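A.B. asks: sharing a sequence plus its predicted fold:
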Amino acid sequence: MPAVPTTTSQRAAALRDALARAQHEYYVLDQPVLSDQEYDRLFRELQTLEQAYPALRTEDSPTQRVGAPVQSAFRTHRHLVRMLSLDNAFDQAELVAFEQSIERIVGDAVHRSGYTVELKIDGAAIALTYRDGVLATAATRGDGTEGEDVTLNVRTIRGVPLRLLGDDVPPLLEVRGEVYLPFTGFEQMNEARVAAGEPVYVNPRNAAAGSMRQLDPSITAARPLRFFGYAAVLPDGTAPARTQWELLERLMAWGVPVAPHRARCHTIADVGRWADTIEHQTRAALGFAIDGGVVKVNDIALQDELGVRNDRTPRWAVARKFAPDMAVTRLEQIDVSIGRTGVVTPFAVLAPVDVGGATVTYASLHNADQIAAKDLRVGDIVQVVRAGDVIPYVLGPVPERRDGSEQRWQLPAVCPRCGTTIVRYRDDVASYCPNVACPGRQLEGLVHFASKEALDIDGLSYARIQQLLAAGYVHDVADLFDVSVAQLVALERFGTKSAENLVAAIAAAKQQPLSRLLFGLGIRHVGAQAAQLLARQFGTRDALMAATPAQLGEVRGIGEIMATSVAGYFADPTARALIERLRACGLRFDEPNAVQADGPLTGATVVLTGSLPTLSRGEATALVEQAGGRVTSGVSRKTTFVVAGEEAGSKLDKAVALGVEVIDEAELRRRVSGT
Ligand code: IVH
């Protein structure tokens, strides 16, 4: 193995620290300081160093989360201290009974202690053993005494610290908590499973538990799992804190994510109020599943005095369970909606049902394959969940409740809005209405064009667009610019003032930059960010329309699929005619922050290292890019020059070794200004 130069090993340690700190800021403090790009750049630098010098690759390096081999079975793991479960309280009366049972043993002391209350995360319980602060093993709960060793899987979970922070970490410590899957991740994962022809998971808890038991850690790594800690024990069974509240604070200081919305409550009445707020207000917006709150006597000495019942449940804690945010109801009908690109999306029409406090009547069914994979039939009794703020979701049918009258469903052969034959392209799960003049598509296309991220037309709501279409004033986005005040005041719910305001807002949108227009046109695969990359790179509509697919694909961040789609769009005579009409309406067709095609740094490859006196990394990158240059992370012979600031590390050494020019911030400023 090559000997590691001191500066390089120092740099690797600094990178490991910076990455661990960034993860802590992201997962524990919920205050990201590094951008994703900056994080990736540091991560890649560390990877490069570790490839060059394998001796640098430590167990706790953030690069070492993935890549472990497939196992044939899990080993058994004996827990340091038994993992308990909780008794339930379903209402305030049962919480009061819980407090009374405590008072009978310790009297008034419980009132001096009070309670710590936490969310009860609906995931899979896990115990993490840290030796000298480094994650050594991770085990499932199992029967409470013995679980399965799932260390390789747990190492892949972002947010589980591979090394605890701080210099007060006990030599041997077991951290306990819950592995869970946020709703968005759950939906994405199920969609991928449907696409791969695999059965879907019925809820995020099963998905989390199933993910822990994958023998191939790369499968677990691909799932967006998260972790919250709620307890810690020392080998002698004691806790490393005086109170539960303090324990949670220590966990956070060590870098362990702790669930939000925890609180300290003085009385059991306060506990009840907290639980009501969580159940009826907080829960719907959380983004992950909870099945209740956990109430814990705050004083740990008092917890020890109260002890454990039947070696199974503590007397000092109780789960205040909530009504499930899942319900069963009848699937009355399956309808389809038509999106702006023509995508046909089936949705469920349900017998109205209360799900976690809201009435649900419609739920998306995504696509025909999902309906087939779940074997949903019209007339089925189905399970419905409301996944946080996410739209309601049909988990699947309850086959036991079928009576034989249920009907299998098929995608309609023609578009219900315009009667055009529906098509399905090879390798695509979606089906489309190919008619660009379909009224369903026109409506969604106009809504998209007016939306915040596109032309941002104030006051042009969904309902108003429906009115304009129904009146025959508009068919496509170019027609908007011809709508007059006189036309609008003839419509219902329009006064002179609101009509004037809307016409002014539409006129103002003509000044929006090319990137927004590009996004607003709704070209397949082109999101807001891609539209910005393209507009910045090409600067004007004409340059963009003249670009070949190969030139489009050369833009960083633009892949082949996107490049083909953009080129295809601009080659389409209908699209060209629309753009010509938009130009005639006076729309702006350039990008103010465009890269200079013949800028002072055109063709230059620049590497930034160390901290510059006045520019942040992002600002320096923007300067270079606007001058036509490109910023890369690694120094090579192809690097044009390196901009070095204070505490520049291995990149500087490498530049010097390769004879690449090194300059400072002042010189960079001179070069980008072309002087
Ligand atoms: S405390 C004695 N706190 O709920 C303490 N458990 O039956 C036992 N859970 O599977 C656990 N969130 O994994 C505790 N904030 C929380 C929790 C929590 C979820 C799970 C736990 C166990 C079940 C308890």
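C.D. replies: It's in. Predicted, not measured: the structure shown is a model, and the values here were computed from it.

A.B. asks: which non-adjacent residue is nearest Gly539?
C.D. replies: Ala594 (3.5 Å; CB to CB, 6 or more residues apart in numbering). Every residue, glycine included, has its C-beta placed from N, CA and C.

A.B. asks: low-confidence stretches in the chain?
C.D. replies: Under the criterion pLDDT under 70, the flagged ranges of the chain are 1-2, 67, 356-357, 387-391, 596-597.

A.B. asks: neighbours of the closest residue to the ligand within it, how many?
C.D. replies: In the chain, no residue comes nearer to the ligand than Ala125, which is 3.1 Å away by CB to the nearest ligand atom. Close neighbours of Ala125, defined as other CB atoms under 10 Å, add up to 21.

A.B. asks: is it true that it lies in a strand?
C.D. replies: Yes - according to DSSP: H, G, I helix; E, B strand; the rest coil, Ala125 belongs to a strand.

A.B. asks: which residues touch it?
C.D. replies: Counting by CB atoms under 8 Å, 6 or more residues apart in numbering, Ala125 makes contact with Met83, Thr140, Arg141, Arg176, Gly177, Glu178.

A.B. asks: if we can go back for a sec, what about the residue nearest to Gly539, which SS state?
C.D. replies: coil.

A.B. asks: that one contacts Leu534, doesn't it?
C.D. replies: No - assessed by CB atoms under 8 Å, Ala594 is found out of contact with Leu534, at 10.3 Å.

A.B. asks: who has more neighbours out of the two?
C.D. replies: Just comparing Ala594 and Leu534: by other CB under 10 Å the higher neighbour count belongs to Leu534, 26 against 19.

A.B. asks: dump stretch 177-188 to PDB, restricted to CA.
C.D. replies: Extracted in PDB, the C-alpha atoms of stretch 177-188 (Å, rounded to 0.1, in the frame of the first residue of the first chain):
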ATOM      1  CA  GLY A 177     -35.000   4.000  18.400                       C
ATOM      2  CA  GLU A 178     -37.100   3.400  15.400                       C
ATOM      3  CA  VAL A 179     -36.300   2.900  11.800                       C
ATOM      4  CA  TYR A 180     -39.000   4.400   9.600                       C
ATOM      5  CA  LEU A 181     -39.900   5.300   6.000                       C
ATOM      6  CA  PRO A 182     -41.300   8.700   5.300                       C
ATOM      7  CA  PHE A 183     -44.600   8.600   3.300                       C
ATOM      8  CA  THR A 184     -43.000  10.100   0.100                       C
ATOM      9  CA  GLY A 185     -40.300   7.400   0.200                       C
ATOM     10  CA  PHE A 186     -42.900   4.700   0.800                       C
ATOM     11  CA  GLU A 187     -44.900   5.800  -2.200                       C
ATOM     12  CA  GLN A 188     -41.800   6.000  -4.500                       C
END
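
A.B. asks: now that stretch: how far from the chain's centre is it?
C.D. replies: 10 Å (CA atoms, centre = their mean, to the nearest Å).

A.B. asks: quick one: buried residues of it?
C.D. replies: Under the neighbour-count criterion of 16 or more other CB atoms under 10 Å, stretch 177-188 has Gly177, Glu178, Val179, Tyr180, Leu181, Pro182, Phe183, Gly185, Phe186, Glu187 buried.

A.B. asks: now stretch 157-170, how far from the centre of its chain.
C.D. replies: On CA atoms, centre = their mean, the centre of stretch 157-170 falls 23 Å from the chain's centre.

A.B. asks: what's the answer for stretch 188-202, then?
C.D. replies: Centre to centre, stretch against its chain (CA atoms, centre = their mean), the figure for stretch 188-202 is 18 Å.

A.B. asks: what's that stretch in contact with?
C.D. replies: 181, 186, 207, 210, 223-224, 366, 369-370, 373-374, 383, 395-396, 429.

A.B. asks: restricted to helices, list those.
C.D. replies: When these are checked against helices (DSSP state H), the matches are Phe186, Ala207, Gly210, Asp369, Gln370, Ala373, Lys374.

A.B. asks: what's the helix or strand where Ala504 lies packed up against?
C.D. replies: Assessed by DSSP states H and E, Ala504 sits inside helix 496-508. Using 3 or more CB pairs under 8 Å, 6 or more residues apart in numbering; DSSP states H and E, the elements in contact with helix 496-508 are helix 485-489.

A.B. asks: what does the helix it packs on contact?
C.D. replies: Ala471, Tyr473, Phe494, Gly495, Thr496, Ser498, Ala499, Glu500, Leu502, Val503.

A.B. asks: also near the ligand: which of the residues you listed, exactly?
C.D. replies: Contacts with the ligand are made by none of the contacts of helix 485-489, judged by CB under 6 Å from any ligand atom.

A.B. asks: could the residues you listed go into JSON lines alongside neighbour count?
C.D. replies: Formatted as JSON lines, the contacts of helix 485-489 follow (neighbours: other CB atoms under 10 Å):
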{"residue": "Ala471", "neighbour count": "14"}
{"residue": "Tyr473", "neighbour count": "17"}
{"residue": "Phe494", "neighbour count": "18"}
{"residue": "Gly495", "neighbour count": "10"}
{"residue": "Thr496", "neighbour count": "11"}
{"residue": "Ser498", "neighbour count": "15"}
{"residue": "Ala499", "neighbour count": "19"}
{"residue": "Glu500", "neighbour count": "14"}
{"residue": "Leu502", "neighbour count": "22"}
{"residue": "Val503", "neighbour count": "19"}
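
A.B. asks: name the nearest of the residues you listed relative to Ala323.
C.D. replies: Ser498 (43.0 Å; CB to CB).

A.B. asks: contacts only, for the closest one.
C.D. replies: Gly459, Leu488.

A.B. asks: interface residues of the stretch 101-250 of the chain facing the ligand?
C.D. replies: So far as CB under 6 Å from any ligand atom goes, the stretch 101-250 of the chain lies against the ligand at Glu118, Lys120, Ile121, Ala125, Glu178, Tyr230, Ala231.

A.B. asks: ok so the first one is a strand residue?
C.D. replies: Pointing back at Glu118 there. Yes - assigned with three-state DSSP, Glu118 falls within a strand.

A.B. asks: check contacts around it.
C.D. replies: Applying CB under 8 Å, 6+ apart, the residues near Glu118 are Tyr230, Leu248, Ala259, Arg262, Gly293, Val294, Lys296.
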